[in-house]
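[1] this is the structure alone, sequence omitted:
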């Protein structure tokens, strides 16, 4: 067994993962628990956030998604050539949303990069159209981003409609996602953030270069996570920021 290091340089007030890697590549994970940072007015607000949503035939699910993020400074919808009423629903539900329409399906990472390219705020929030953000979730994400300025991305806590959690972790050299069965009770550092759900520091995002557009769909988030940590940034998950994710609906 060989030890692997914590994934964050400055772990003040932060949960972080430690453990051991066996010869077959599996990890034994330990979660160390310090003080959870308090949410204060100085941590930021919706005016610091632009939301980027990638759609593809998402008419059936996007209305509640848009209503849950309507307070954002910008809401940017990048549509990958939907053939249903997606764009009409967006326009009806949130007229202020900026729509970027592609003439064909350019892939998830390419579309996210398109949206992030026009973000004018300090943070960009990549969000899936088949999900709903809880009322105080953005406050919690911004609190984590303020508490850990070295973080390139902060991810929320996902739950399915049946209440089961959707939380996956990866070690620094793993190629598969391990589903966690216990609910964390505070922020922690990880090596993997799901691609459809993260708050990104735009300065870090621009330095990293966003998603690799050669990856059409799937594993583009694993690649992004690897490049984010390789650039010296941390990945943080904030379990107090709750998201309900229907999954497989867009």
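    Yep, it's here. What you see is a predicted model; the values in this text were computed from it and never measured.

[2] which secondary element of the protein has the worst mean pLDDT?
    Here the helix or strand of the chain ranked lowest by mean pLDDT, DSSP states H and E is strand 2-4, holding a mean of 28.

[3] SS state for the nearest residue to residue 221 once chain neighbours are set aside?
    Closest residue in space to residue 221, ignoring its immediate chain neighbours: residue 195 at 3.0 Å, by Cβ to Cβ, 6 or more residues apart in numbering. Placement of C-beta: from N, CA and C, glycine included. Assigned with DSSP: H, G, I helix; E, B strand; the rest coil, residue 195 falls in the coil class.

[4] surely residue 195 is in contact with residue 215?
    No: taking contacts as Cβ atoms under 8 Å, residue 195 lies outside contact range of residue 215: 9.8 Å.

[5] between those two, which contacts overlap?
    residue 109 (Cβ atoms under 8 Å, 6 or more residues apart in numbering).

[6] the two: which is more packed in?
    residue 195 (25 against 18; other Cβ atoms under 10 Å).

[7] how about the more buried one, phi and psi?
    phi -60, psi -30 (degrees, to the nearest 10).

[8] OK, contacts around it?
    108-109, 112, 126, 211, 220-221, 224.

[9] please narrow those residues to those residing in helices.
    Among the contacts of residue 195, the ones falling in helices (DSSP state H) are 108-109, 112, 220-221, 224.

[10] what about residue 240, which SS state?
    Assignment for residue 240 (three-state DSSP): strand.

[11] hmm, it is touching residue 140, no?
    Yes: at 4.3 Å, residue 240 and residue 140 qualify as touching, with contact defined as Cβ under 8 Å.

[12] stretch 158-166: end-to-end distance?
    One end of stretch 158-166 to the other measures 5 Å (Cα to Cα, to the nearest Å).

[13] average pLDDT across it?
    In this model, stretch 158-166 has a mean pLDDT of 88.

[14] still on that earlier bit, what's the closest of the ones in helices among the contacts of residue 195 to residue 203?
    Residue 203 lies nearest to residue 224 out of these, by Cβ to Cβ, at 15.7 Å.

[15] contacting residues for the residue lying closest to the closest one once chain neighbours are set aside?
    Counting by Cβ to Cβ, 6+ apart, residue 224 lies nearest to residue 211, which is 5.6 Å off, once chain neighbours are set aside. Shown in contact with residue 211 (Cβ under 8 Å, 6+ apart): 108-110, 112-113, 195, 220, 223-224.

[16] where's residue 211 relative to residue 114, distance?
    10 Å (Cβ to Cβ, to the nearest Å).

[17] and residue 144, its phi and psi?
    Here is the backbone geometry of residue 144 (degrees, to the nearest 10): phi -70, psi -40.

[18] ok, it touching residue 187?
    Yes: counting by Cβ under 8 Å, residue 144 does reach residue 187; the two are 5.4 Å apart.

[19] what's the spacing between the residue positioned nearest the centre of the chain and residue 59?
    Nearest to the geometric centre of the chain sits residue 198, at 1.6 Å (Cα atoms, centre = their mean). Separation of residue 198 from residue 59 (Cβ to Cβ) stands at 24 Å.
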